[in-house]
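**Student:** Predicted model and sequence follow; I will ask about them next.
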Amino acid sequence: MNLQIRSSNKSESITNNRLMFVTEEMIADQKLDLEEQFWGQVINFEELKGSFGEITAHKVIEDQQQYNLIVAGLGKKAEVNLEKLRQATGKALKEADRLKIKQISVLPFKLNMAVVDQIRALVEAALLVNYRFDKYLSEKKQLALEELIVVYENGQGEEVELGIAQGKVLAEATALARDLVNEPANVLTPAKLADYAVQAGEEAGFVVKVFEEEQIAELKMDAFLAVAQATVNRPRLIVMRYFGDKQNQGEVLGLVGKGLTYDSGGLSIKPGDSMITMKSDMAGAAAVIGAMSAIAQQNLKVNVVAVIAACENLISGTGYRPGDIINTMAGKSVFISSTDAEGRLTLADAIHYIIEHEGASKVVDIATLTGAAIIALGHTTTGVLTNNQDFYKQLEQAAELSGEKVWQLPSFPEYKELNKSPIADLKNTGGRAAGTITAGLFLGEFVQDKPWLHLDIAGTSYASKDWDYGVEGGTGVGVRLLYHLAETFAEK
């Protein structure tokens with residue numbers, strides 16, 4: 001989609017078709033005077049309420065020609081946030097597509113938020129609602145909408161330009177993550193995931209180093225290698241580095257993404273229906289690749305290193321077994337109670353690596369880790385565990401900007417007891433109770449008291465149906481959240 005901006009004081013600013021955002025107050029207070037805007041006819045809005053999610057299309061006759069006006073309700077002005085603006089934008093542009101509109105102007109709107117933020121959110125939704133993963137379709141559906149023009153008022157030009165630039169970068173980074181999640185596992189092997197990371201680094205401007213199996217073994221990442229034992233597609237350790245704050249090299253934000261390009265469950269095999277979407281078990285890896293791309297392109301003044309332990313969890317005579325005891329890079333032994341609790345094994349080694357070898361001073365891991373997260377929080381909210389409340393508050397700030405919902409789960413000492421084993425330092429499952437919490441706390445055993453956030457995106461990384469500004473498949477969750485989290489460090 002082509003994006004343009006135009007000033008409202010220029011006669012050529014407004015295209016034939018227009019999109020207007022309204023709040024309930026604008027309707028109730030009768031402040032909506034279309035004659036004072038950009039055309040000479042008042043429309044009857046008697047049935048319009050301006051409630052959130054309300055989308056109406058109207059025909060406007062101007063200069064003896066008929067045009068389309070789409071009105072998108074945002075609800076009560078005090079309750080409008082960036083995510084509601086994204087959702088309303090997505091709904092409105094779907095209506096524009098239904099009407100076969102090729103070009104539309106977004107009329108100026110005033111909300112209780114920075115212009116940069118609201119324009120960024122608008123652009124993110126506009127680009128992401130047009131996302132399609134159709135590379136394997138012989139017939140591709142062409143979307144009608146080709147051009148979006150953002151009309152701004154005097155004095156807003158610089159902020160609007162900045163918002164559009166940021167929104168474009170973040171939407172493209174999110175689309176990259178969606179592409180990676182949507183790729184089938186016969187295409188996206190660990191080696192291919194590493195290739196995508198290298199390509200992203202070359203395009204965005206961050207450094208990527210890929211370790212092959214022999215080098216992984218030299219690092220003594222035994223837990224990671226145990227998960228990878230059963231497949232012919234050998235593992236890769238992917239390390240991405242961006243140093244935008246060279247004066248503070250001791251401050252490094254470490255991002256660790258789960259990179260299971262396919263997970264059958266191993267010998268603790270999953271039910272058949274549960275394996276169909278297991279190509280998406282690398283959504284955490286996709287999130288950190290997308291986030292690194294956006295961080296580097298925006299030249300944030302922050303140091304970020306991202307690590308992905310990429311592998312497959314399959315079944316063969318060489319695979320690891322329930323009952324095995326394996327070592328980790330940190331030197332802690334783990335009793336294997338289920339080979340389907342594999343992600344925490346790969347992440348444990350990756351976390352230890354990013355602290356010991358990359359100097360991470362703060363760590364965020366993001367993973368499709370547990371089905372229990374879906375039971376607890378559904379597909380709406382990402383579950384979070386942390387050992388540092390200040391760090392979590394920064395995540396909440398990032399969540400407000402990204403629109404991605406997060407919820408902190410408890411981490412009381414009693415939960416840690418569930419991960420203990422009488423014959424090893426740890427066991428890799430804590431039982432059915434509190435599964436999301438015990439999985440996260442297993443990883444907490446490897447963070448060495450560094451400020452740490454664990455994000456379980458099992459429920460939020462994949463959509464089973466189309467939604468406001470997305471389609472069935474990978475959501476790209478985590479990209480914008482991690483970007484804005486890094487941004488909080490840059491601002492400090």
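**Tutor:** It's in.
**Student:** Lys301 touches Gly244, doesn't it?
**Tutor:** Yes. Using Cβ atoms under 8 Å, Lys301 is in contact with Gly244, at 5.1 Å. For the C-beta atoms, the positions are set from N, CA and C on the backbone; glycine is no exception.
**Student:** list the residues that contact both of the two?
**Tutor:** Shared contacts of Lys301 and Gly244 (Cβ atoms under 8 Å, 6 or more residues apart in numbering): Ala490.
**Student:** the more surrounded of the two?
**Tutor:** Gly244 (19 against 16; other Cβ atoms under 10 Å).
**Student:** Now for that one: which residues touch it?
**Tutor:** Residues near Gly244 by Cβ under 8 Å, 6+ apart: 295-296, 299-304, 490.
**Student:** Keep only those of those residues that are in strands.
**Tutor:** Residues of the contacts of Gly244 located in strands (DSSP state E): 303-304.
**Student:** show me where the stretch 301-450 of the chain has helices.
**Tutor:** 343-356, 372-377, 389-402, 413-417, 435-444 (DSSP state H, counting those that start in this stretch).
**Student:** To Ile269, which of the ones you listed lies closest?
**Tutor:** Ile269 lies closest to helix 343-356 among the helices of the stretch 301-450 of the chain, at 15.8 Å (Cβ to Cβ).
**Student:** And that closest one, how far out from the chain middle?
**Tutor:** Computed by Cα atoms, centre = their mean, to the nearest Å, the separation of helix 343-356 from the middle of its chain amounts to 21 Å.
**Student:** now stretch 476-488
**Tutor:** With Cα atoms, centre = their mean, you get 7 Å for stretch 476-488.
**Student:** Need the mean per-residue confidence for that stretch.
**Tutor:** Stretch 476-488 shows a mean pLDDT of 98.
**Student:** Kindly report the same for stretch 223-243.
**Tutor:** In this model, stretch 223-243 has a mean pLDDT of 98.
**Student:** Quick one: end-to-end distance for that stretch.
**Tutor:** With Cα to Cα, to the nearest Å as the measure, stretch 223-243 spans 29 Å from end to end.
**Student:** buried set for that stretch?
**Tutor:** Going by neighbour count (16 or more other Cβ atoms under 10 Å), the buried part of stretch 223-243 is 223-231, 233-242.
**Student:** Next step: the residues you listed restricted to strands.
**Tutor:** Among the buried residues of stretch 223-243, the ones falling in strands (DSSP E) are 236-242.
**Student:** Just say helix, strand or coil for Leu137.
**Tutor:** coil (DSSP: H, G, I helix; E, B strand; the rest coil).
**Student:** what's the burial count for it?
**Tutor:** Using other Cβ under 10 Å, Leu137 has 9 neighbouring residues.
**Student:** now swap in the one 10 residues further on and tell me
**Tutor:** Residues within reach of Glu147, counting by other Cβ under 10 Å, total 14.
**Student:** From Lys102, how far off is Gly59?
**Tutor:** If you look again at residue 59, you'll see it is Lys, not Gly. From Lys59 over to Lys102 the distance is 17 Å, taken as Cβ to Cβ, to the nearest Å.
**Student:** between these two, which one's more packed in?
**Tutor:** Applying other Cβ under 10 Å to Lys59 and Lys102 shows that Lys102 carries more neighbours, namely 14 against 9.
**Student:** quick check: domain ranges of this structure?
**Tutor:** Domain ranges of the chain: 2-153, 170-491, per automatic domain parsing.
**Student:** now, of the ones you listed, which is deepest in the fold?
**Tutor:** Most buried of those, by mean neighbour count (mean count of other Cβ atoms under 10 Å): domain 170-491, with a mean of 21.
**Student:** before we move on, the earlier item: as TSV, the contacts of Gly244 with distance to Gly470 would be great.
**Tutor:** Below are the contacts of Gly244 laid out as TSV (distance: Cβ to Cβ, whole Å):
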residue	distance to Gly470
Ile295	22
Ala296	24
Asn299	28
Leu300	25
Lys301	31
Val302	28
Asn303	31
Val304	26
Ala490	27
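**Student:** nearest to Lys140, of the contacts of Gly244?
**Tutor:** Of all the contacts of Gly244, Lys140 sits closest to Ala296, with 30.4 Å by Cβ to Cβ.
**Student:** from what I can see the closest one touches Glu203, true?
**Tutor:** No. Taking contacts as Cβ under 8 Å, Ala296 lies outside contact range of Glu203: 9.1 Å.
**Student:** list the helices and strands the host helix or strand of Ala194 packs on?
**Tutor:** Assigned by DSSP states H and E, Ala194 belongs to helix 190-204. Where contact means 3 or more Cβ pairs under 8 Å, 6 or more residues apart in numbering; DSSP states H and E, helix 190-204 is packed against helix 157-182, strand 207-211, strand 236-243, strand 253-263, helix 283-297, strand 303-313.
**Student:** Let me have these in CSV, extended by distance to Asp425.
**Tutor:** Compiled in CSV, these are given as follows (distance: least, Cβ to Cβ, whole Å):
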stretch, distance to Asp425
helix 157-182, 33
strand 207-211, 25
strand 236-243, 23
strand 253-263, 20
helix 283-297, 25
strand 303-313, 20
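**Student:** Out of those, flag the one nearest Gly383.
**Tutor:** helix 283-297 (13.1 Å).
**Student:** Tell me the spacing between the residue lying farthest from the centre of the chain and Ala191.
**Tutor:** Here the centre of the chain is the reference, and by Cα atoms, centre = their mean the most remote residue is Gln64, at 46.1 Å. Going from Gln64 to Ala191 by Cβ to Cβ gives 62 Å.
**Student:** Thr23 is in contact with Val80, correct?
**Tutor:** Yes. Using Cβ under 8 Å, Val80 is in contact with Thr23, at 6.6 Å.
**Student:** low pLDDT regions in the stretch 51-200 of the chain?
**Tutor:** Applying pLDDT under 70 to the stretch 51-200 of the chain flags the ranges 63.
**Student:** where along it do the helices fall?
**Tutor:** Per DSSP H, counting those that start in this stretch, the stretch 51-200 of the chain carries helices over the ranges 82-98, 115-128, 157-182, 190-204.
**Student:** orientation of the second one relative to helix 82-98 in degrees?
**Tutor:** What it means is helix 115-128. Helix 115-128 runs at 40 degrees relative to helix 82-98, counting by axes from the mean of the first three to the mean of the last three Cα atoms, to 10 degrees.
**Student:** Tell me which other helices or strands helix 115-128 touches.
**Tutor:** helix 82-98, strand 147-152, helix 157-182.
**Student:** Dump these to a markdown table, plus distance to Asp281.
**Tutor:** Shown next, in a markdown table, are the helices and strands packed on helix 115-128 (distance: least, Cβ to Cβ, whole Å):
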| stretch | distance to Asp281 |
| --- | --- |
| helix 82-98 | 26 |
| strand 147-152 | 35 |
| helix 157-182 | 9 |
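**Student:** where's Glu487 relative to Tyr392, distance?
**Tutor:** Using Cβ to Cβ, one obtains 16 Å as the distance from Glu487 to Tyr392.
**Student:** go on, Gln448?
**Tutor:** Counting by Cβ to Cβ, the gap from Gln448 to Tyr392 is 18 Å.
**Student:** what's the answer for Lys49, then?
**Tutor:** According to Cβ to Cβ, Lys49 stands 37 Å off from Tyr392.
**Student:** for Glu417, same thing?
**Tutor:** Where Tyr392 is concerned, Glu417 sits at a distance of 23 Å (Cβ to Cβ).
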